[in-house]
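Participant: how would this look folded up:
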Amino acid sequence: MKGHISRQFNEPMNKQTVLHKGIQEFNDGDYFECHETLEDVWMIEVGPDRPFYQGLLQLSVGCFHLLNRNYVGAESQWSKAHAKLNDFGSQHLGVELKPLIEGILRCQEMLAMVQSGQRRDFDLSMIPQIQYTWN
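Facilitator: Now for the predicted structure:
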């Protein structure tokens, strides 16, 4: 939105730049930073993209919870992220959602196996990367 200032960049916010930064942080495993970055856009978004940004936020928070062994929090956030992102089809704002949603489902399945004792640990390599097409 024109006129809004990013608290991280201290300049007028370019949503695509912020989205790019957040995706890079997510893909680097910096889930807390990703949340902080994308929250800047989500807080000011009033249009139909608001649930999209919120879904990405919830995905990153779920991964952060996972790393801290808060499995209930991870599952809760991943479920919310799945529901929101699923409403946007296979691609939105350059983000490839189909493989991302499939990755969320795989993470939920593996987490259920860890919680039930079928697996000892969560394989962190199962966390999906966010695929993005830059314009």
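
Participant: going forward, measure contacts and count neighbours with C-alpha atoms only.
Facilitator: OK.

Participant: distance of the residue most central in space within the chain from Arg120?
Facilitator: Centroid-nearest residue in the chain, with CA atoms, centre = their mean: Leu56, separated by 2.9 Å. According to CA to CA, to the nearest Å, Leu56 and Arg120 sit 28 Å apart.

Participant: residues in contact with stretch 105-120: which ones?
Facilitator: Applying CA atoms under 8 Å, 6 or more residues apart in numbering, the contact partners of stretch 105-120 are 71, 75, 78, 82, 121-123, 126-127.

Participant: ditto for stretch 30-41
Facilitator: Contact partners of stretch 30-41, identified using CA under 8 Å, 6+ apart, comprise 6-8, 15, 18-19, 21-26, 53-54, 56-58, 60-61, 63-64.

Participant: out of these, which are buried?
Facilitator: Neighbour counting by 16 or more other CA atoms under 10 Å classes 6, 15, 18-19, 21-26, 53-54, 56-58, 60-61, 63-64 among these as buried.

Participant: from the chain's centre, how far out does the helix or strand that contains Gln16 sit?
Facilitator: Assigned by DSSP states H and E, Gln16 belongs to helix 15-27. Going by CA atoms, centre = their mean, to the nearest Å, the spacing between the C-alpha centre of helix 15-27 and its chain's C-alpha centre is 10 Å.

Participant: what does stretch 117-131 give?
Facilitator: The chain centre lies 15 Å from the centre of stretch 117-131; the measure is CA atoms, centre = their mean.
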